[in-house]
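> Sequence first, predicted model second:
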Amino acid sequence: MLNNIILIGFMGSGKSRLAKDFSKKIGINIIDTDNIIESIEKKEIKDIFSENGEQYFRDMEQLVANWIQDDLKNTLISSGGGFHKVININQLGRVVFIDSSFENILKHLEKKSEFSKRPLYTDKKSLKELYDKRRIEYIQAAYETIKVDLYTDEENINRLLEIHEYDIIQKKEDN
């Protein structure tokens, strides 16, 4: 068991923020798959999409997933919104869906002026359609779901801690 936790969810759902807050609390290593791809490509995600296309980006996500499977243990992984589609996601660790309402996601993206950074955002109607489609896929891919809108940040961090501690106990029992 790799003892990793992979956070999946829609853009703007709070995966990166939750990962950072969780890391501060327990000191676990964290990575962000989008940041890794940007570092490899030396480009922002939106530029990778516009210059190389979405399929190229998805291929890069798969390469990152393969690296995680081969080389990472005891790491919290904050992923991009489409990372749930990588072939081996459930072999990377415990997959946790960070579930946020579409309304809260819109508020977050608008507050941070994030729309220009999001290559799949064209308008709110198409974004909502993508959200609805992916939400079903996230539920299917995840082992656990954390409904971040229903709880405080501290309660969400504690839920992640429960998942992490359970994995550590299971690993010890398996050995």
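Happy to help now that I have it.
> Check which element follows the lengthiest strand in the chain along the chain.
Counting by DSSP state E, the longest strand found in the chain is strand 94-99. Heading C-terminal from strand 94-99, the first helix or strand you meet, by DSSP states H and E, is helix 102-111.
> What residues of that following helix count as buried?
Judged by neighbour count using 16 or more other Cβ atoms under 10 Å, the buried positions of helix 102-111 are 102, 105, 106, 108, 109. Where you see a C-beta, it was placed from the backbone N, CA and C, and this is true even at glycine.
> name the element the closest residue to residue 92 other than its chain neighbours belongs to?
Once its chain neighbours are removed from consideration, residue 92 has its nearest residue in residue 68; the separation is 5.0 Å (Cβ to Cβ, 6 or more residues apart in numbering). Assigned by DSSP H and E, residue 68 falls within helix 54-71.
> as a whole number, average confidence for that helix?
Per-residue confidence for helix 54-71 averages out to 96 on the pLDDT scale.
> Quickly run through the sheet partners of the helix or strand just after that helix, with directions.
Counting by DSSP H and E, the next helix or strand C-terminal to helix 54-71 is strand 75-78. In the sheet containing strand 75-78, its partner strands are strand 5-8 (parallel), strand 29-32 (parallel), by DSSP bridges.
> what's strand 75-78 in contact with?
Strand 75-78 is contacted by residues 4-7, 15-16, 18-19, 22-23, 28-33, 68, 92-93, 160, 164 when judged by Cβ atoms under 8 Å, 6 or more residues apart in numbering.
> about what we covered before: I'd like the strands paired with strand 75-78 laid out as CSV, including mean neighbour count and distance to residue 39.
What follows is the strands paired with strand 75-78, written out as CSV (neighbours: other Cβ atoms under 10 Å; distance: least, Cβ to Cβ, whole Å):
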stretch, mean neighbour count, distance to residue 39
strand 5-8, 28, 19
strand 29-32, 16, 10
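> Of these, which is nearest residue 124?
Proximity to residue 124, assessed across those by Cβ to Cβ, is greatest for strand 5-8 (22.2 Å).
> Show the subsequent helix or strand relative to that closest one.
Per DSSP H and E, the first helix or strand lying C-terminal to strand 5-8 is helix 15-26.
> Show me what that next one is packed up against.
When contacts are defined as 3 or more Cβ pairs under 8 Å, 6 or more residues apart in numbering; DSSP states H and E, helix 15-26 packs onto strand 5-8, strand 29-32, strand 75-78, helix 153-174.
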